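Visitor: Below is the structure, and that's it, no one-letter string:
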DNA sequence: CTTAAATTTCAGAAAAAACAGAAATTATAA
DNA sequence: TTATAATTTCTGTTTTTTCTGAAATTTAAG
């Protein structure tokens, strides 16, 4: 009945787990995520342990992680005392949730630090100008990028999809760049 | 004379190194990168060792890594036998180089695996349709995303910057979404 | 309230990654 | 060609992360 019976499904889960290690999640977290993503029905923790051969505590932490990223949620199965879990299956929502959370954890602290440093640099005057300048440029660059992200993220899903489908054709709307080639 | 003399510069380097660990690079790699980014002049490996307190071999590997990502290059200083290194200082180019290489290493293999699985799934007929469907949707989603990336990446830098500055205003060009709010 | 099931926390073991120092290789100059 | 400087590769150590099993806590049913 469950996903774990199908070799191709397990292959997907294993590969997903492997890739997860390159993406800031550990193997267990990514595997649990993949399993829930493929699963039709809510799964309880014990079931996940068996399917993946992981310790109960490990699965517990993985589920907490995934809930922290907003890609898995607890759900209640009537007549069953145990917690059950389901994954977000809309890939666009999943992508947005993960990117928002990663921004919060990994980009925002950088911005704060850069802002703080820039402040201090403005005061100390025995500092080579190129250092001040490069830290400033980094700050500005990341600011521009995240500002763009925050704006675009506010658009309707359908608009975003339409924009993506446009691809490089969006460049048509930029005045001075009708011949759009790299560099 | 060098960057390592300035406490604020070192603070940037240390913080950058720390953040690097969350982004797929190890601390040494990120620190070497930050040091070179702030440096005005090409630095030789020995100098980097001293500035950061790292072993020679560690620095050697970090430099190899950074060159692999295309954000650092070797350069020759006349009258000096040693290799010297400089970082890309255009942040846009740096960003593009890193994202292209990460896509190659971390996204492309997923796409291959998904394509292969989808092929096999099409053949086996005793498989719940929702599994086939979800793997298919994942494949399509990542495909759409990377297709968009490849197209946009081909645009002129100035066009890209102009597009970014437009922010959510790009949505104006999408027919059916004049009221552009989230969800 | 008591009991039992379910879950989380914690401490230590296992695995993986990062790093240092030495040895080996490569490249340059005399 | 030989000697030496520079760099890389390799091996073992240290550090960090992941994961397990047991203990503690929480939750809910009776």
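Guide: Alright, I've got the coordinates. Quick caveat: nothing in here was measured; it's all calculated off a predicted structure.
Visitor: Give me the neighbour count for residue A:53.
Guide: 8 (other CB atoms under 10 Å in any protein chain shown). (Each C-beta comes from the backbone N, C-alpha and C, glycine too.)
Visitor: whoops, residue A:149 was the one
Guide: Residues near residue A:149, counting by other CB under 10 Å: 16.
Visitor: hang on, it is in a helix, isn't it?
Guide: Yes: per DSSP: H, G, I helix; E, B strand; the rest coil, residue A:149 lies within a helix segment.
Visitor: so how far is DNA strand D from it?
Guide: 25 Å (CB to the nearest atom of the strand, to the nearest Å).
Visitor: if I look at the nearest residue to that residue once chain neighbours are set aside, how far off is chain B?
Guide: Leaving aside its chain neighbours, residue A:149 sits nearest to residue A:103 (6.8 Å; criterion: CB to CB, 6 or more residues apart in numbering or on different chains). Here the criterion is CB to the nearest CB, to the nearest Å. By it, residue A:103 lies 12 Å from chain B.
Visitor: And for residue A:103, the neighbour number?
Guide: Using other CB under 10 Å: residue A:103 sits among 16 other residues.
Visitor: same question, residue A:87
Guide: 20.
Visitor: That one against residue A:40, yeah?
Guide: No: using CB atoms under 8 Å, residue A:87 makes no contact with residue A:40, being 11.0 Å away.
Visitor: What about the residue nearest to residue A:51 when sequence neighbours are not counted? Give its phi and psi, please.
Guide: Sequence neighbours aside, residue A:4 is the residue nearest to residue A:51 in space, at 3.9 Å (criterion: CB to CB, 6+ apart). Here is the backbone geometry of residue A:4 (degrees, to the nearest 10): phi -60, psi -10.
Visitor: just the strands in chain A please.
Guide: A:43-44, A:72-76, A:83-87 (DSSP state E).
Visitor: Do any residues in the first one lie close to DNA strand D?
Guide: No: judged by CB under 7 Å from any atom of the strand, strand A:43-44 stays clear of DNA strand D, getting no closer than 13.4 Å.
Visitor: So is that strand next to DNA strand C?
Guide: Yes: contact between strand A:43-44 and DNA strand C, assessed by CB under 7 Å from any atom of the strand, occurs at residue A:44.
Visitor: Now do that strand: distance to the chain's middle.
Guide: 23 Å (CA atoms, centre = their mean, to the nearest Å).
Visitor: what's the neighbour count on residue A:44?
Guide: Neighbour count of residue A:44, defined by other CB under 10 Å: 15.
Visitor: Tell me which of the strands of chain A sits most buried.
Guide: Among those, the stretch with the highest mean neighbour count (mean count of other CB atoms under 10 Å in any protein chain shown) is strand A:43-44, at a mean of 21.
Visitor: interface residues of chain A facing DNA strand D?
Guide: A:21, A:26-29, A:53-58, A:61, A:81.
Visitor: Ranking by neighbours, what's the top pick from those?
Guide: Most surrounded of these: other CB under 10 Å gives residue A:29, at 23 neighbours.
Visitor: now it, nearest residue through space, not along the chain?
Guide: The nearest residue in space to residue A:29 (CB to CB, 6+ apart) is residue A:62, at 4.5 Å.
Visitor: What are the buried residues along stretch A:59-75?
Guide: Using 16 or more other CB atoms under 10 Å in any protein chain shown as the test for burial, stretch A:59-75 gives A:59, A:62, A:63, A:65, A:66, A:69, A:71, A:72.
Visitor: what's the closest non-adjacent residue to the fourth one?
Guide: Meaning residue A:65. Distance criterion CB to CB, 6+ apart; nearest residue to residue A:65, sequence neighbours excluded, is residue A:29 at 5.0 Å.
Visitor: again, but for the fifth one
Guide: Nearest in space to residue A:66, with sequence neighbours left out and distances taken as CB to CB, 6+ apart, is residue A:72 at 3.8 Å.
Visitor: how much space between the one you found and DNA strand D?
Guide: 16 Å.
Visitor: now residue A:85
Guide: 15 Å.
Visitor: If that residue is in a bridge, with which residues?
Guide: Under DSSP bridges, the beta-bridge partners of residue A:85 are residue A:43, residue A:74.
Visitor: quick one, what contacts it?
Guide: Residues in contact with residue A:85 (CB atoms under 8 Å, 6 or more residues apart in numbering or on different chains) are A:36, A:42, A:43, A:44, A:45, A:48, A:63, A:72, A:73, A:74, A:75.
Visitor: Contact partners for the closest residue to residue A:141 other than its chain neighbours?
Guide: Spatial nearest neighbour of residue A:141, excluding adjacent residues (CB to CB, 6+ apart): residue B:91 at 4.2 Å. When contacts are counted by CB under 8 Å, 6+ apart, residue B:91 touches A:137, A:138, A:141.
Visitor: Check the burial of the second one by counting its neighbours.
Guide: For residue A:138, the number of neighbouring residues by other CB under 10 Å comes to 23.
Visitor: got a pLDDT number for the residue nearest to residue A:45 when sequence neighbours are not counted?
Guide: Once flanking residues are discounted, residue A:45 sits nearest to residue A:59: 5.2 Å by CB to CB, 6+ apart. The model reports residue A:59 with a pLDDT of 98.
Visitor: contacting residues around residue A:59?
Guide: A:28, A:32, A:45, A:48, A:49, A:52.
Visitor: redo that, cut-off 7 Å
Guide: A:32, A:45, A:48, A:49 (CB atoms under 7 Å, 6 or more residues apart in numbering or on different chains).
Visitor: how much space between it and chain B?
Guide: Taking CB to the nearest CB, one finds residue A:59 at 21 Å from chain B.
Visitor: With residue A:175 instead?
Guide: Taking CB to the nearest CB, one finds residue A:175 at 8 Å from chain B.
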